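Visitor: Need coordinates for the following:
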Amino acid sequence: MCLIRLTATGQKVTYDNLDTAPVGGGLGMKNKYIRWILFSCKQLAKGPAKNKLSVSGVLYCHQARRENRAWPLLSKDLSNNGWWQKSRIKWVSYSSLTPKVAICTILLWTSCTQEAQKVKIYPAPDGIELSKAFAVEVERKEVPVYKTKIPPSKPIPRLNHSRSEFGFASFASFDISEKVEIKVTYPEVVSSVKVLPTSFGIKPKIDGNSVVFTLDEPRNLTIEFNGDWHESLHIFANPFEEHIPDPDDPNVVYFGPGIHDVTSVTVGDSTTVYIAGGAYLRCALDPDEKEVELRGKKRNPPTFFLEGTNITVRGRGIIDQSTIPRSNRRYTIFAQNSNDIKIEGVTICDPSHWTIPIQASDNIHVDNIKIIGWRGNSDGVDISNSRDVLVENCFMRTLDDAVVIKSFEGRGEVKNIHTRKCVVWNELAHSLSIGAEVHENVSQVLFEDCDVIHDVGRETALRIYHCDDAVISDVTFQNIRIEEARRLISCWIGKTRWTESEERGNIRNVTFRDITAISAPIDTSLTGFQDGSDWKPYIIRDHASMELIGYDENHTIEGVLFDNVLLDGKQVVTEQVTFNEFVKDVQFQ
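Guide: Numbers count the residues shown, from 1 in each chain. Now for the predicted structure:
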């Protein structure tokens with residue numbers, strides 16, 4: 001314990017002017033002395049206590065009549081923001097002070113063992129319908145549980161996707177800074193429970209209709225009860241935020257807690273878009289909107305259109321595109337012709353089109369983004385004609401490709417792309433892939449340390465899908481765990497419905513290293529995507545299939561290494577992989 005004494009005299013305080021001291025969105029405190037207390041607590045939270053405060057003491061205020069009105073608000077606001085566990089502040093009238101010369105003193109004790117050190121929870125805004133399927137507590141504090149649409153549980157015909165059939169997934173999001181206990185309550189008695197990814201090694205304890213487990217670092221989890229893999233619960237445990245932007249900064253676009261109706265926001269140089277925890281952005285249409293130039297075509301304006309240098313989109317809030325109809329579909333966060341871009345922390349629900357396309361840009365960092373999509377073309381992160389891109393710590397449950405690399409003609413090469421520590425749920429298409437639409441060379445691509453927790457589609461989990469004319473080279477898939485594999489690995493050159501060029505391309509130097517996969521049964525009534533030379537769908541026959549298919553003697557696949565690739569606990573051998581005569585230099589070790 002350490003005793004800290006803060007004093008403010010008149011209009012001058014230690015940290016800021018009483019009337020301008022920032023207190024954050026939604027606190028609603030109008031009294032300047034209360035505002036100062038809130039601000040002081042925030043400053044202390046940035047100090048040695050590291051956002052971990054237990055508060056007690058005596059506050060001397062010159063207007064005791066404000067006690068009944070201000071104190072309950074102060075107590076509620078500080079508690080909601082995780083600044084103390086229990087308060088012991090006492091209000092005392094200090095009648096000798098005049099309004100012009102007021103002294104506010106508060107004695108604060110900081111503790112390194114309080115619950116506030118561990119978790120930060122963001123209240124759900126009024127007006128948002130929450131999930132009733134699960135109740136979640138962290139360190140005995142209730143966490144809002146949201147819901148969003150997902151594809152139906154039955155197999156989805158690739159070329160005939162119905163939008164009238166769907167289910168609901170639930171998700172809860174909060175921040176942690178150290179080991180916490182999480183309790184999830186289910187409407188029925190729990191007979192079995194699974195926490196994914198399995199590689200995290202989390203073993204929950206069942207107690208009636210609840211399960212309890214501990215989490216010692218930020219993770220993105222999926223929890224399945226009583227064998228229901230479909231309408232599952234997703235838990236997004238984020239790290240604590242640092243350096244939260246000032247809402248009064250002219251270079252900050254600030255969305256505080258509450259509901260915001262957003263049409264399209266254009267973001268330029270040196271700008272930060274901050275979507276605070278508890279903020280819920282409902283994407284809407286502008287009746288007067290005009291199409292903009294995106295990827296060489298006129299398209300509907302994205303919800304966030306990033307173009308410039310040094311741009312950030314971050315926070316713990318939610319972006320929801322569910323009200324955008326297919327006829328007006330649009331990208332959620334789109335960046336083009338940009339440099340030094342960071343997209344971090346937010347959750348995106350029901351994207352109507354590609355969620356985060358990165359086009360012709362450099363030095364991009366996508367970190368801790370959570371995406372749940374169920375509509376056609378609801379890709380996760382699409383990286384096109386860009387260089388030096390890092391995608392990490394994300395969760396993606398998408399109908400279409402999760403992380404995919406493309407290159408469109410005349411917009412530059414793709415080079416040095418790194419995806420790591422992501423959790424992927426492959427609903428229909430590819431989990432980690434390159435193609436289709438590859439017209440400019442692609443090189444130095446690394447997918448590593450990722451978990452594919454479900455693969456219920458008919459495309460391939462790890463794939464290079466080349467139906468155009470560029471060279472794809474130096475690609476590594478490494479340390480990847482696939483919990484169910486229907487089609488596992490594919491390097492393929494050919495013509496499809498996506499082909500735009502007359503000439504075919506080449507694939508060089510591909511490594512599959514330290515891959516573990518569990519095979520899953522195939523529904524042979526499903527048709528695969530159009531990856532045959534006749535452009536027609538064909539029937540998938542082999543579960544966990546692996547293929548290397550070149551096009552002709554001038555358009556080949558060369559230099560493929562299978563290094564410690566395990567399927568159902570056994571190392572993959574040559575006989576398990578389908579080849580044709582246009583594949584050279586394949587090694588197994």
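
Visitor: Could you list the domains of this structure?
Guide: Per automatic domain parsing, the structural domains of the chain span 2-117, 119-239, 244-394, 401-589.

Visitor: Adding mean pLDDT, write the ones you listed out as TSV.
Guide: TSV is the format used below for the domains of the chain (pLDDT from 0 to 100):
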stretch	mean pLDDT
domain 2-117	38
domain 119-239	94
domain 244-394	96
domain 401-589	90
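
Visitor: Would you mind giving those domains as a markdown table with mean neighbour count added?
Guide: C-beta coordinates here come from the backbone N, C-alpha and C atoms, glycine included. Listed next are the domains of the chain as a markdown table, based on neighbours: other CB atoms under 10 Å:
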| stretch | mean neighbour count |
| --- | --- |
| domain 2-117 | 16 |
| domain 119-239 | 17 |
| domain 244-394 | 20 |
| domain 401-589 | 19 |
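
Visitor: you'd agree residue 461 is up against residue 483?
Guide: No: look at residue 461 against residue 483 with CB atoms under 8 Å: they stay out of range, at 10.3 Å.

Visitor: which residues do those two both contact?
Guide: Residues touching both residue 461 and residue 483 (CB atoms under 8 Å, 6 or more residues apart in numbering) are 452, 455.

Visitor: in the stretch 451-589 of the chain, which spans are strands?
Guide: Counting by DSSP state E, counting those that start in this stretch, one finds strands in the stretch 451-589 of the chain at the ranges 462-466, 471-485, 487-493, 506-519, 545-549, 557-567, 570-571, 577-579, 583-588.

Visitor: Next, please give the residue ranges for the helices of this structure.
Guide: 32-45, 67-80 (DSSP state H).

Visitor: what does stretch 140-147 contact?
Guide: Defining contact as CB under 8 Å, 6+ apart, one finds that stretch 140-147 is touched by 115, 119, 121-124, 128-131, 133-137, 168-174, 181, 183, 233, 318, 349.

Visitor: Next, the distance between the ends of it.
Guide: 22 Å (CA to CA, to the nearest Å).

Visitor: Tell me the spacing between residue 492 and residue 549.
Guide: Shown here: residue 492 relative to residue 549, a distance of 5 Å by CB to CB, to the nearest Å.

Visitor: before we move on, what about residue 332?
Guide: With CB to CB as the criterion, residue 332 and residue 549 are 34 Å apart.

Visitor: Check residue 521 too.
Guide: The value you get for residue 521 to residue 549, if CB to CB is used, is 24 Å.

Visitor: got the CA coordinates for stretch 423-439 in CSV?
Guide: Only the C-alpha atoms of stretch 423-439 are listed here, as CSV (Å, rounded to 0.1, in the frame of the first residue of the first chain):
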residue,chain,number,x,y,z
VAL,A,423,-7.7,-18.4,-35.1
VAL,A,424,-9.7,-19.3,-38.2
TRP,A,425,-13.1,-20.9,-38.7
ASN,A,426,-13.5,-21.8,-42.4
GLU,A,427,-17.2,-21.9,-43.2
LEU,A,428,-17.0,-22.4,-47.0
ALA,A,429,-13.9,-21.3,-48.7
HIS,A,430,-10.2,-21.1,-47.8
SER,A,431,-8.6,-20.6,-44.4
LEU,A,432,-5.1,-19.3,-45.4
SER,A,433,-4.5,-18.9,-49.2
ILE,A,434,-3.2,-17.1,-52.2
GLY,A,435,-5.5,-16.5,-55.2
ALA,A,436,-7.6,-16.5,-57.2
GLU,A,437,-6.9,-13.2,-59.2
VAL,A,438,-3.1,-13.2,-59.3
HIS,A,439,-1.8,-11.0,-62.1
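
Visitor: wait, what's in contact with residue 466?
Guide: Residue 466 is in contact with 434, 435, 436, 438, 472, 491, 492, 493, 494, 504, 505, 507, counting by CB under 8 Å, 6+ apart.

Visitor: Format these as JSON lines; extra columns: distance to residue 421.
Guide: Output for these, formatted as JSON lines (distance: CB to CB, whole Å):
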{"residue": "434", "distance to residue 421": "19"}
{"residue": "435", "distance to residue 421": "23"}
{"residue": "436", "distance to residue 421": "26"}
{"residue": "438", "distance to residue 421": "25"}
{"residue": "472", "distance to residue 421": "24"}
{"residue": "491", "distance to residue 421": "24"}
{"residue": "492", "distance to residue 421": "27"}
{"residue": "493", "distance to residue 421": "30"}
{"residue": "494", "distance to residue 421": "32"}
{"residue": "504", "distance to residue 421": "34"}
{"residue": "505", "distance to residue 421": "30"}
{"residue": "507", "distance to residue 421": "26"}
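
Visitor: what is residue 312 paired to in the beta sheet?
Guide: Legend: beta-bridge partners of residue 312 under DSSP bridges are residue 272, residue 342.

Visitor: That one contacts residue 345, doesn't it?
Guide: No: in this structure, residue 312 is not within contact of residue 345 by CB under 8 Å, at 10.2 Å.

Visitor: got the contact list for residue 586?
Guide: Counting by CB under 8 Å, 6+ apart, residue 586 makes contact with 548, 560, 561, 562, 574, 577, 579.

Visitor: mind checking how far the nearest residue to the fourth one once chain neighbours are set aside is from residue 463?
Guide: Looking back up the chat, that one is residue 562. Using CB to CB, 6 or more residues apart in numbering and skipping the chain neighbours, the partner closest in space to residue 562 is residue 588 (4.7 Å). For residue 588, the distance to residue 463 equals 19 Å [CB to CB].

Visitor: ok, residue 222 - contacts?
Guide: Contact analysis of residue 222 by CB under 8 Å, 6+ apart lists 195, 196, 197, 232, 233, 234, 235, 423, 425, 453.

Visitor: change it to 7 Å
Guide: Counting by CB atoms under 7 Å, 6 or more residues apart in numbering, residue 222 touches 196, 232, 234, 453.
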